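# How does the following fold in three dimensions:
(one chain, ligands or ions: 1)
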Amino acid sequence: MAYHGLLDKYGTLLDLPAHTRPVSLLEGNTPLIPAEALSRQMGGGFELFVKFEGLNPTGSFKDRGMTAAVSEALGRGAKTVICASTGNTAASAAAYASRAGLKSIVLIPQGKVAAGKLAGAIAYGAQVIQIDGSFDDALTMVVQISDKHPICLVNSINPYRIEGQKTGAFEICDMLGAAPDWLCLPVGNAGNITAYWAGFKQYDSLKATGLPQVLGVQAAGSAPLVLGHPVENPETVATAIRIGKPARGEQALEAAEESKGRIIAVSDDEILSMQKMLARLEGIWVEPASAAGLAGLAHEIAAGNFSAGGKRIVAICTGHGLKDPDIIIKDMAKPQIVSPNLAALEEVIFG
Ligand code: AN7
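Residues are numbered from 1 along each chain as shown. From the prediction side, this is the model:
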């Protein structure tokens, strides 16, 4: 049977109003890629899978929640959607709004959004507004304006975003036949960890698929859930998760606690070295934030805080490496330039 997108596949399991009118780009159905070399590199003896969410239509996991939120907004008669974003939500909202024939407005922190995300939002036709402030400032502003004007908020405060993102958990259980022992993922505004936990719990109650322990990973310079208080000036190379006041922070902490997992922080160096390792060992290039879940897993194993032996572990890699080419290019040795003849080519390859 042809694949028609997430609302067709899982719609009956999602709590969406009857007025919902499906808007889909055939999102979801992303691969669960075995990562044997990376698992060996971390010490081995466990099964590791990468769920590559960068293969969604706009290059990130945000499309799962956006198909649900924009479908609800369209069915309700909304004309405009708005979000604050570190970039991926903006691109996704813009794409789904265009497909639905709606206007989109996206607020981004000035100078802190990766090139591929900003370009996407513009290409899809959003009105892009840069805020001279943080993501957290932008989120406060979109909440205020959508309270006052008939504009639909599509940040993960919107409950339909969470409904759509539960499908990631459903897919993992469908592909593996059960929940994994551990789920590792990056945490920014904390919508995704909230959605995965809700999805695993729902599937377990319906199909006895079991529950994973959840390892949520923040960047050390933007780790409010690890520190236990908001961070006024969050900083990290992983700009997607440069968030100091997560909207669903309480639920993220609940997911960690209920699942007997935890939320930890890793350094920017750990994030970047995992990004590189994943690309070089497995051929999977993700944006920096997306490597945080795996960086957290490696950190815990190396610190002896984690007995991985015999476990089945799934890491959610949330966005594609193409979203943020600059992070690679800035440290790159410029490729050699060679005269257009065989001898010159042999010289650089064989010396
Ligand atoms: C690649 O786009 O918040 O914890 O505005 O882009 O659900 O926020 C992005 C977040 C992880 C964190 N990985 O997810 C936005 C935004 C990537 C991301 C996260 C984001 P949440």
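# now stretch 154-163, how far from the centre of its chain.
Stretch 154-163 has its C-alpha centroid displaced from the chain centroid by 14 Å (Cα atoms, centre = their mean, to the nearest Å).
# what's the answer for stretch 149-161, then?
Centroid separation for stretch 149-161 versus its chain: 18 Å, with Cα atoms, centre = their mean.
# Output that stretch as CSV - backbone C-alpha positions only.
Extracted in CSV, the C-alpha atoms of stretch 149-161 (Å, rounded to 0.1, in the frame of the first residue of the first chain):
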residue,chain,number,x,y,z
HIS,A,149,-4.7,38.1,17.5
PRO,A,150,-6.2,35.3,15.5
ILE,A,151,-2.9,33.7,14.7
CYS,A,152,-2.3,30.0,15.4
LEU,A,153,0.8,29.2,17.5
VAL,A,154,2.6,26.1,16.2
ASN,A,155,5.4,25.8,18.8
SER,A,156,5.3,22.6,20.8
ILE,A,157,3.2,24.3,23.5
ASN,A,158,0.5,23.5,20.9
PRO,A,159,-0.7,20.1,22.0
TYR,A,160,-1.2,18.8,18.5
ARG,A,161,2.6,19.1,17.9
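# Report the buried residues of that stretch.
151-158, 160-161 (16 or more other Cβ atoms under 10 Å). Yep, even glycine has a C-beta here, placed from its N, CA and C like the rest.
# just stretch 251-265 next, same as before
Neighbour-count burial for stretch 251-265 [16+ other Cβ under 10 Å]: 251-253, 255-256, 259, 261-265.
# Which of those residues fall in strands?
Secondary-structure check on those using DSSP state E: residues within strands are 262-265.
# Closest to the ligand out of those residues?
residue 263 (10.7 Å; Cβ to the nearest ligand atom).
# beta partners for the closest one?
Partner residues in beta bridges with residue 263, using DSSP bridges, are residue 216.
# helices and strands of the protein: which one has the lowest mean pLDDT?
Least confident helix or strand, the chain: helix 326-329 with a mean of 93, by mean pLDDT, DSSP states H and E.
# average pLDDT for whichever helix or strand comes after that one?
Once the chain leaves helix 326-329, the next helix or strand it forms, by DSSP states H and E, is helix 342-350. The average pLDDT within helix 342-350 is 97.
# Run through this protein and note the low-pLDDT ranges.
1 (pLDDT under 70).
# After the helix or strand that contains residue 163, which helix or strand is next?
Take DSSP H and E as the rule and residue 163 turns out to sit in helix 159-165. With elements assigned by DSSP H and E, the helix or strand that comes after helix 159-165 is helix 167-176.
# what about that following helix and the ligand, touching?
No. Judged by Cβ under 6 Å from any ligand atom, helix 167-176 makes no contact with the ligand; its nearest approach is 10.8 Å.
# then that helix to CSV, C-alphas only?
What follows is helix 167-176 as a C-alpha-only set of coordinates in CSV (Å, rounded to 0.1, in the frame of the first residue of the first chain):
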residue,chain,number,x,y,z
THR,A,167,4.6,8.8,16.0
GLY,A,168,8.3,8.5,16.3
ALA,A,169,7.8,6.1,19.3
PHE,A,170,5.2,4.2,17.4
GLU,A,171,7.5,3.7,14.4
ILE,A,172,10.3,2.4,16.6
CYS,A,173,8.0,-0.1,18.3
ASP,A,174,6.6,-1.2,14.9
MET,A,175,10.1,-1.6,13.5
LEU,A,176,11.7,-3.4,16.4
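# so how far is that helix off the chain centroid?
Between the centre of helix 167-176 and the centre of its chain there are 16 Å (Cα atoms, centre = their mean).
# What residues does residue 155 make contact with?
83-85, 89, 139, 142, 161, 189, 191, 247 (Cβ atoms under 8 Å, 6 or more residues apart in numbering).
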